[in-house]
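Visitor: sequence first, predicted model second:
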Amino acid sequence: MKEINIFYNALETLPVLASKIKAKQKKIMGYLCSYAPEELIYAAGFHPMRLFSSKSDIVQAEQHLQAYCCSLVRGVLEDSLSGRLDFLDGTVFPHTCDSMQRLSDIWRMNGKYEFFADVILPAKLNTQSARAYMKDVLTGFKKDLEKAAGKEITDTDLQNSIKKFNIIRKNLSKIYALQSKKPGIIKGSDLYTIVKGSMVMDRDEVADILPVIAGNLEKIDLPPKNIKRIVMSGSICDSPDIYSAMESAGGVIVGDDLCTGQRWFEGQTQVDENPMDAIAARLLNRVICPAKHFSPTARGENLVSLAKKNRADGVIFMLLKFCDPHAFDYPYLKEFLEKQGIKTLLIEMDDQQQNSGQLATRFETFIHYI
Amino acid sequence: MIYAGIDIGSITAKAALIKNNRLLGTHVIMTGYDPINAGIKVFDALLKQSRISKTQISAIISTGYGRASVSFADKALTEIICHGTGAHFMNPEIRGIIDVGGQDSKAIFLDQNGQVENFAMNDKCAAGTGRFLEVMAKALEVDLELLGDFSLAADKPSKISSICTVFAESEVISMIAKQERRENIIAGIHESAAARVAILANKIKIKKPVMMTGGVAKNKGMVNSLENRLGFKLIVGDLAQENGAIGAAVLASKL
Amino acid sequence: MSDKLSEKRKIKSAKKMRDIMTTYYLDAMTAGQNNKQIAWITSGGPVEPLVAMDIIPIYPENHGAMIGASKMGEDLCIKAEDMGYSSDLCSYARADISCSVVKGGPIGGLPEPDMLICCNNICGTVLKWYEVQARFYNVPLFILDTPICHTRYSPEIAKYVQAQIDEYIAFLEKVTKRKFNYEKMAEVGRLAFEAQLLWQKVLNTTAHKPSPMSAFDAFFFLALIVTLRGTKIAVDFYKELLGEMEQRIKDGISMVPNEKYRLLWDNLPVWYQLKWLSQKFSDHNACLVADTYTSAWCGAIQYTNKDNFIGSIAEAYTRIYLNIGVDQMAGQVLDMIKFYNADGLVMHSNRSCKPYSFGQMDIMKIVREKTNLPVLMIEADMVDPRNFSQSQVETRIDAFMEIIKQKND
């Protein structure tokens, strides 16, 4: 599908993509966490771009972060120090995890980019005071953006932004739902590329193409395949090879609990309320990240519900090495799923590793026994 | 007055003699599994070679991982200090040392007086050490001594992504299976090892001129890869491997 | 060294502290019999309201230190890994989580909690660790979310934390089914403030050359200010300890027999190698005179209002050493180097503690630029000995000390 190719082309060379955006007189704000208030950044007239490690060798980052730091944090720092992110006009650091918090300090102390903002969102999301604080933080961030943009962000700007992102989210959800309904209707690597592109590309373009893709997929008739339905759970999954390895092994990913997947885009921002309240509400109510707290069992309940809704034959945990929040949840998530008779597999990844042979073996074995 | 230095490394044991601030002689043997015996053996061999008797030695300093087992030494000092002293003795212009030995690698920063100001040592793994190259040579069925020549004949160095020796070995094996040229694989191995070592040099912001010491300095391919990584030439003397023992002997003269 | 000399160097107050800690744990073990409730609380959490409510506070992290010191860490960490917890996770957490299941450790496991109090001012790991325990013990969990002050303690953060202090009190009232005793709270607050002041004074005695005690002693004597803060016992003990230190200074008794070099330690202790490390540095005539870890328990004095403790709790607990930006931490390290007249800095790159360890390299860079002092980084872990390589560490310490000797002699 040519619309899908647009995503592939865009992601091929990041500097080219960046220069196209800058040609539109848009400043680029980078961020590493799915809690970054994209709608605010967009409403200010800036381009929100999620950052991923280019998986280059770690050389300069070695002078700042020890080897027991996750490869996303070290990798992005490496990219920054090596000049590969020189197209950025600024960065936004929402509260995420311990490693990110220290990356934020190191990044700020290196003082490379014009704009820098810590958006210290609450780690707790289940109380009135947390909600109030969330709103305060977003209000403060809005002021920082207005200062950088040299203009006020009006409610209309916010509403337009919200509508734009709602389109993107709605259509990504729709495409995922289609994949779950007719597994194989879209290649896993295509789906991965679309989702990643939606976090990186010009949102106006994304909002235009996604409905076309969703519409095209809807029309496709697919006879049921003899495949195993897999749900993936983890943090970032920035490796299209995983999907092809899965498909070769006879499985299709029909849903996910990923930071770079459904957790990021599921759910709409309400349009009929005060826009700042609505943005805050969505961040509070979206599927929770393990670095945040809603209740001791919120994530487990959600994952079970996701697996059941997608009729999963198995759940594969793709955990990034040195990612503490996800590693702490793993034992109880596994327990919750196995209590429901859903089998699980754990794969520990390094953002840098291209270990396809070992991966294929594990997938094939898992598919075989679920 | 004659002074001696003994460096017990994981693979080789070295000894050196200094007289009137001049190098008298050096000797190298394999350490084997018995570092105590190796210390005695290499010392005796050097004395015999130089036609000097034990009684003529005024002081002895031991260094290396086995330094504590040289019971007849007057003092034990780390190889960092000894390499620094040795390099400065051999060439007072030297400001930095990269030492790649059997089981670890180090980068040393010297001030203008040849004193060690800062240093960095490798992590708890074999990547970037002589042991790593040994393992790879075995997997490729190449003589360790010829590793350098092979890599200099590469036309397209392979890329080894693992930083772990064990996983790097399995990568090499699959390259062999794909029938990649041995020269290219070996060049890739050197580049991988050099990358690990360069990180240490960058950690201490090493200053030129830099001397390379340790047994791996005899490997032309490794020296070449390192020079490419660092962006400047390294000084490699004939006595690179004995540098630690030489420094120990010099320090013995200052006791 | 003759027996008489090393006897002289022993700190007499140590025995008293051991007794106090034994009584403290015994009280906790028998809490049920005395109709008292137990709260598990994080090391950076506000314990004073618990003391005011007559709840016994238990510190899984202090227990973790005990596990490390009694060299039981490896076994418990392995058991946690068998349970599915990654070996890369904090070793305090791993040891505690498995200990709850197998009832291991030096005291046969901690007494079960009636409630869990988690303050994330020290790290995000405690949030996950306490969630695990909340599921395991099925008891109420209170989280005090103290947003990190990268560059400042903003009004928004202040408002949020203050609101949570009110929630904390409401939580305690609910769990204990009793009204919060504000009068007792004021008294507890005054005692906590006084104890912190005394602890600060104790730590300040090591500015004296030679130092009457070392950081290794501070690691030991830290336990009371952590666990019994807010009680008269803590105040009385630190008065005594301070007196002993002042006397040692008068009598010319130093902890390191021939102190020539003074060093600053950064990060948590390597709990299972304290004796070896202490001896190693002492053999080099070096004394670790101060550290950034133990001083964290009196760093909040500047934000504490002793006459309105409950009103200043929010700021005092949010602006602790680990909850600020790396550049601010570096500033404090530089201040300590100056105050204690340090000749070098020893940084423990602790695998288990990311907020403490990430940023160390930048702090090292700043220290070297501003002071030109040698800095040593030791890679280890606070409780899991599998991440400690003695010969590697030994060589690095020896080389570091050789550099310091060259510089100072």
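Guide: Yep, that arrived. Numbers count the residues shown, from 1 in each chain, chains lettered A, B, ... in the order given.
Visitor: residue of chain B nearest chain A, please.
Guide: Of all residues in chain B, residue B:199 sits closest to chain A, at 4.9 Å by C-beta to the nearest C-beta. Every residue, glycine included, has its C-beta placed from N, CA and C.
Visitor: hang on, that residue in a helix?
Guide: Yes. Assessed by DSSP: H, G, I helix; E, B strand; the rest coil, residue B:199 belongs to a helix.
Visitor: right, and it touches residue A:66 too?
Guide: No. In this structure, residue B:199 is not within contact of residue A:66 by C-beta atoms under 8 Å, at 11.9 Å.
Visitor: burial of residue 155, as a residue count?
Guide: You didn't pick a chain, so chain A it is. Other residues near residue A:155 come to 11 when the count uses other C-beta atoms under 10 Å in any protein chain shown.
Visitor: meant chain C actually
Guide: Residues near residue C:155, counting by other C-beta under 10 Å: 10.
Visitor: and the one 3 residues further on, by the same measure?
Guide: As a burial measure, residue C:158 scores 13 neighbours (other C-beta under 10 Å).
Visitor: who's the closest spatial neighbour of the residue of chain B closest to chain A, skipping the chain neighbours?
Guide: Using C-beta to C-beta, 6 or more residues apart in numbering or on different chains and skipping residues adjacent in sequence, the residue nearest residue B:199 is residue A:62, 4.9 Å away.
Visitor: helices of the stretch 101-250 of chain B, start to end?
Guide: Taking DSSP state H, counting those that start in this stretch as the criterion, the stretch 101-250 of chain B carries its helices at B:130-140, B:147-152, B:165-177, B:182-203, B:220-230, B:243-252.
Visitor: tabulate these (TSV), appending mean neighbour count.
Guide: Shown next, in TSV, are these (neighbours: other C-beta atoms under 10 Å in any protein chain shown):
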stretch	mean neighbour count
helix B:130-140	20
helix B:147-152	21
helix B:165-177	16
helix B:182-203	23
helix B:220-230	21
helix B:243-252	30
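Visitor: and those: which comes nearest residue B:8?
Guide: Nearest to residue B:8 among those is helix B:243-252 (9.4 Å), distances taken as C-beta to C-beta.
Visitor: tabulate the helices of the stretch 101-250 of chain B in TSV, adding columns for mean pLDDT.
Guide: Below are these laid out as TSV (pLDDT from 0 to 100):
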stretch	mean pLDDT
helix B:130-140	87
helix B:147-152	88
helix B:165-177	83
helix B:182-203	89
helix B:220-230	93
helix B:243-252	96
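Visitor: and those: which comes nearest residue B:105?
Guide: helix B:182-203 (5.1 Å).
Visitor: what is the closest one packed up against?
Guide: Packed against helix B:182-203, as judged by 3 or more C-beta pairs under 8 Å, 6 or more residues apart in numbering or on different chains; DSSP states H and E, are the following elements: strand B:96-100, strand B:105-110, strand B:116-121, helix B:130-140, helix B:147-152, helix B:165-177, helix B:220-230.
Visitor: can the third one be found next to chain C?
Guide: Yes. Between strand B:116-121 and chain C, judged by C-beta under 8 Å from any C-beta of the partner chain, the touching residues are B:116-119, B:121.
Visitor: give the partner strands of that strand in its sheet and their orientations.
Guide: The partner list of strand B:116-121 in its sheet, established with DSSP bridges, is strand B:105-110 (antiparallel).
Visitor: contacts for the partner strand, please.
Guide: With C-beta atoms under 8 Å, 6 or more residues apart in numbering or on different chains as the test, strand B:105-110 has contacts from B:79-80, B:83-84, B:87-88, B:94-99, B:116-122, B:128-129, B:196-197, B:200-201, B:203-207, B:214, B:216.
Visitor: now those residues: which count as buried?
Guide: Taking 16 or more other C-beta atoms under 10 Å in any protein chain shown as the criterion, what is buried in these is B:79-80, B:83-84, B:87-88, B:94-99, B:116-122, B:128-129, B:196-197, B:200-201, B:203-204, B:206, B:214, B:216.
Visitor: next SSE downstream of the helix or strand of chain C with the lowest mean pLDDT?
Guide: Using mean pLDDT, DSSP states H and E, the weakest-scoring helix or strand in chain C turns out to be helix C:3-9, at a mean of 75. On the C-terminal side of helix C:3-9, the closest following helix or strand by DSSP states H and E is helix C:13-29.
Visitor: next one: the worst-scoring helix or strand of chain B on mean pLDDT to chain centre, how far?
Guide: Taking mean pLDDT, DSSP H and E as the measure, helix B:165-177 is the helix or strand of chain B with the lowest mean score, a mean of 83. Distance of helix B:165-177 from the chain centroid (C-alpha atoms, centre = their mean, to the nearest Å) equals 25 Å.
Visitor: helices or strands next to it in the packing?
Guide: Right, helix B:165-177 is packed against helix B:130-140, helix B:182-203 by 3+ C-beta pairs under 8 Å, 6+ apart.
Visitor: any chance of those helices in TSV, with distance to residue C:15 too?
Guide: Formatted as TSV, the helices and strands packed on helix B:165-177 follow (distance: least, C-beta to C-beta, whole Å):
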stretch	distance to residue C:15
helix B:130-140	49
helix B:182-203	45
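Visitor: out of those, nearest to residue A:90?
Guide: Nearest of those to residue A:90, taken as C-beta to C-beta: helix B:182-203 at 27.7 Å.
Visitor: and that closest one with helix B:130-140, angle?
Guide: Between helix B:182-203 and helix B:130-140, the angle comes out at 170 degrees (axes from the mean of the first three to the mean of the last three C-alpha atoms, to 10 degrees).
Visitor: got the angle for helix B:182-203 vs helix B:165-177?
Guide: Relative orientation of helix B:182-203 versus helix B:165-177 (the same axes, to 10 degrees): 150 degrees.
Visitor: okay, now the unreliable bits of chain C?
Guide: Within chain C, the segments meeting pLDDT under 70 span C:1-5.
Visitor: how about the residues of it that lie near chain B?
Guide: Counting by C-beta under 8 Å from any C-beta, the residues of chain C close to chain B are C:368, C:374, C:379, C:389, C:391-392, C:395-396, C:398-399, C:402-403, C:406-407.
Visitor: PyMOL command for the buried members of the residues you listed?
Guide: Buried subset of the residues of chain C next to chain B, written as a PyMOL selection, criterion 16+ other C-beta under 10 Å:
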select buried, chain C and resi 368+374+379+392+395+396+398+399+402+403+406+407
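Visitor: sort out for me which of the residues of chain C next to chain B are in helices.
Guide: When these are checked against helices (DSSP state H), the matches are C:368, C:391-392, C:395-396, C:398-399, C:402-403, C:406-407.
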